[in-house]
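Q: Quick one, structure for this:
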Amino acid sequence: MGNPLTREAFKTAMARFLKRKPESLDENALLLELVQESFLLVEMIMELQDQFPIRLSQEDLRAVRTVGDLLGMLAAKTA
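A: As a prediction, this is how the structure comes out:
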């Protein structure tokens, strides 16, 4: 499911945005539990898109619910 180094880079960037340690981000954790306000979730996605050469559409994000879903989606876009 994508390059593990890429997934780790995304996880590190997400952790930095959320002001957490990367190892504290469980891949089964619901994104809405980590980021209670939807605009912050959008801001995090925008920051990831700025930091990495990736573009995600609303359609891409429809099925994304967990940290693992997002990491998988980001990794798939770089493959």
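
Q: buried set for the helix or strand hosting Arg16?
A: Secondary structure assigned from DSSP states H and E places Arg16 in helix 4-18. Neighbour counts over helix 4-18 (16 or more other CB atoms under 10 Å) mark Thr6, Arg7, Ala9, Phe10, Lys11, Ala13, Met14, Ala15, Phe17, Leu18 as buried. Just so you know, the C-beta spots here come from the backbone N, C-alpha and C atoms, and that holds for glycine as well.

Q: for that helix, packing partners?
A: helix 38-51, helix 67-78 (3 or more CB pairs under 8 Å, 6 or more residues apart in numbering; DSSP states H and E).

Q: Next, the angle from the longest one to helix 4-18.
A: Pointing back at helix 38-51 there. 130 degrees (axes from the mean of the first three to the mean of the last three CA atoms, to 10 degrees).

Q: tell me which strands and helices helix 38-51 is in contact with?
A: Packing partners of helix 38-51 (3+ CB pairs under 8 Å, 6+ apart): helix 4-18, helix 31-34.

Q: Quick one: residues in contact with the helix holding Arg16.
A: Applying CB atoms under 8 Å, 6 or more residues apart in numbering, the external contacts of helix 4-18 come out as 1, 21-22, 24-25, 34-35, 43-44, 47-48, 51-52, 67, 70-72, 74-75, 78.

Q: What's the ChimeraX syntax to select whichever of the residues you listed are buried?
A: Selecting only the buried entries of these in ChimeraX, with 16+ other CB under 10 Å as the criterion:
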select :25,34,35,44,48,67,70,71,72,74,75
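
Q: Now do the helix holding Arg16: distance to the chain's middle.
A: With CA atoms, centre = their mean, to the nearest Å as the basis, helix 4-18 stands 7 Å off its chain's centre.

Q: Tell me what angle it forms with helix 67-78.
A: Between the axes of helix 4-18 and helix 67-78, defined by the same axes, to 10 degrees, the angle is 120 degrees.

Q: taking the mean pLDDT, what do you get for helix 4-18?
A: For helix 4-18, the mean per-residue pLDDT is 88.
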